[in-house]
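Peer 1: build me a structure from this.
(one chain, ligands or ions: 1)
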Amino acid sequence: MPLTDDLYRDIILEHFKSPRNYGRLEKPSVTSHGANPFCGDELELTLALEGNGIRDLRVQPRGCSISQASASMMSEAVKGKSLPEAERLARQFKAVMLEGAAWESSPETEDLEALEGVKKYPVRIKCALLSWNTLLEGLAASRKGQSEATHVESGDGEPAEPAPELPSLSGAPRDPAGQPAGEQSPEEQAREALKAVIDPELNLNVVDLGLVYGIGIQDGQVTVTYTLTSPGCPLGPVIQGQIKSVLTRLGWVKAVQTQLVWTPPWDPRTMASEEIKTELGIW
Ligand code: ZN
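Peer 2: You can find the predicted model right below:
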């Protein structure tokens with residue numbers, strides 16, 4: 001059954017908030033360290049191997065919600081599994097994320113399906129793969145009789161920093177031709193003006209939050225396409241009113257239309273400006 005984006009997000013958030021098998025084992029057979037320099041995610045995986053299986057494991061991730069949720073799901077999926085089965089799951093997960101393979105779903109791995117939504121944001125794929133690659137590295141080390149392993153996400157021939165599909169909305173890029181200050185295009189003026197619209201919940205402006213998806217201008221008529229931080233946001237009408245009011249103050253604006261949309265869903269990790277991400281204390 002195809003899940004909706006909302007459901008995907010709920011499953012990811014649920015694992016992020018209540019991580020499974022969190023922490024570290026006292027006397028692990030193998031300790032595997034993982035790092036994803038593309039996002040700053042790190043994790044330590046401790047494994048208790050017995051016979052040909054994973055008797056127990058703990059994982060201590062630090063980093064973005066995707067990497068932490070993925071680590072939680074990974075730990076749940078492979079606990080108690082034989083080593084070949086755990087490796088098969090890891091390879092299947094990688095094939096799904098990197099090659100678009102389909103999930104062979106089973107009840108114990110169905111949460112992992114939620115991470116498929118991450119494929120839409122190529123920069124986040126490494127976040128989702130980190131715990132699995134760290135697991136594979138740890139299992140490979142144990143086969144060689146080693147008790148320590150390290151995995152670092154690298155370029156691997158995939159585009160390291162694919163351009164996000166969404167236009168960068170923060171800090172409108174300077175015109176390469178050197179447009180003098182004070183001669184902003186109407187769109188830049190509108191964007192600047194919209195920075196006065198504050199999302200009262202986060203107390204940050206909607207432009208830097210990445211909530212403004214588009215500004216269209218024709219004959220003094222401005223159309224703003226925007227979203228809200230959540231569909232349940234009770235402040236929708238307030239923000240819509242503010243958008244109209246700040247734009248109407250621009251001399252050349254004759255009319256303002258607002259278009260509230262929910263696709264793509266707002267994601268501060270990919271849409272907000274760097275300053276805002278720091279401000280929010282996440283990612
Ligand atoms: Zn990450």
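
Peer 1: going forward, measure contacts between C-alpha atoms and count neighbours the same way
Peer 2: Fine.

Peer 1: spell out which parts of the protein neighbour the ion.
Peer 2: 39, 64, 127 (CA under 5 Å from the ion).

Peer 1: closest one of these to Ala141?
Peer 2: Nearest to Ala141 among those: Cys127, at 21.9 Å, using CA to CA.

Peer 1: for that closest one, what are its contacts?
Peer 2: With contact set as CA atoms under 8 Å, 6 or more residues apart in numbering, Cys127 has these partners: 36, 39, 41, 64, 66-67, 70.

Peer 1: make a markdown table from those residues and add pLDDT and secondary structure to it.
Peer 2: Formatted as a markdown table, the contacts of Cys127 follow (pLDDT from 0 to 100; DSSP: H, G, I helix; E, B strand; the rest coil):
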| residue | pLDDT | secondary structure |
| --- | --- | --- |
| Asn36 | 90 | strand |
| Cys39 | 79 | coil |
| Asp41 | 89 | strand |
| Cys64 | 83 | coil |
| Ile66 | 88 | helix |
| Ser67 | 91 | helix |
| Ser70 | 95 | helix |
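
Peer 1: for the residue sitting furthest away from the middle of the chain, give me the pLDDT.
Peer 2: Relative to the centre of the chain, the most outlying C-alpha is that of Gly251, 38.9 Å out, by CA atoms, centre = their mean. Listed pLDDT for Gly251 reads 87.

Peer 1: now the one 5 residues further on
Peer 2: Reported pLDDT at Val256 in the predicted model: 94.

Peer 1: again, but for Met1
Peer 2: Met1 is given a pLDDT of 41.

Peer 1: Ala272 too?
Peer 2: On the pLDDT scale, Ala272 gets 84.

Peer 1: you'd agree it is up against Gly210?
Peer 2: Yes - between Ala272 and Gly210 there is a contact under CA atoms under 8 Å: 4.7 Å.

Peer 1: name the SS class of the closest residue to Glu76 other than its chain neighbours, please.
Peer 2: Spatial nearest neighbour of Glu76, excluding adjacent residues (CA to CA, 6 or more residues apart in numbering): Arg20 at 6.6 Å. At Arg20, secondary structure determined by DSSP: H, G, I helix; E, B strand; the rest coil is coil.

Peer 1: number of nearby residues for Arg20?
Peer 2: 18 (other CA atoms under 10 Å).

Peer 1: ok, it touching Met74?
Peer 2: No - applying CA under 8 Å, one finds Arg20 not in contact with Met74, separated by 9.1 Å.

Peer 1: doesn't Val224 fall inside a strand?
Peer 2: Yes - under three-state DSSP, Val224 sits within a strand.

Peer 1: Ala272 and Gly210: who's more crowded?
Peer 2: The neighbour comparison of Ala272 against Gly210 (other CA under 10 Å) goes to Gly210, with 26 against 22.

Peer 1: so the residue farthest from the centre of the chain is in which element?
Peer 2: Counting by DSSP states H and E, no helix or strand carries Gly251.

Peer 1: quick check, Ser230 in a helix?
Peer 2: No - read with three-state DSSP, Ser230 is coil and lies in no helix.

Peer 1: from Pro265, how far out is it?
Peer 2: Distance of Ser230 to Pro265, computed by CA to CA, to the nearest Å: 8 Å.

Peer 1: do the same with Gln259
Peer 2: Taken as CA to CA, the span from Gln259 to Pro265 is 14 Å.
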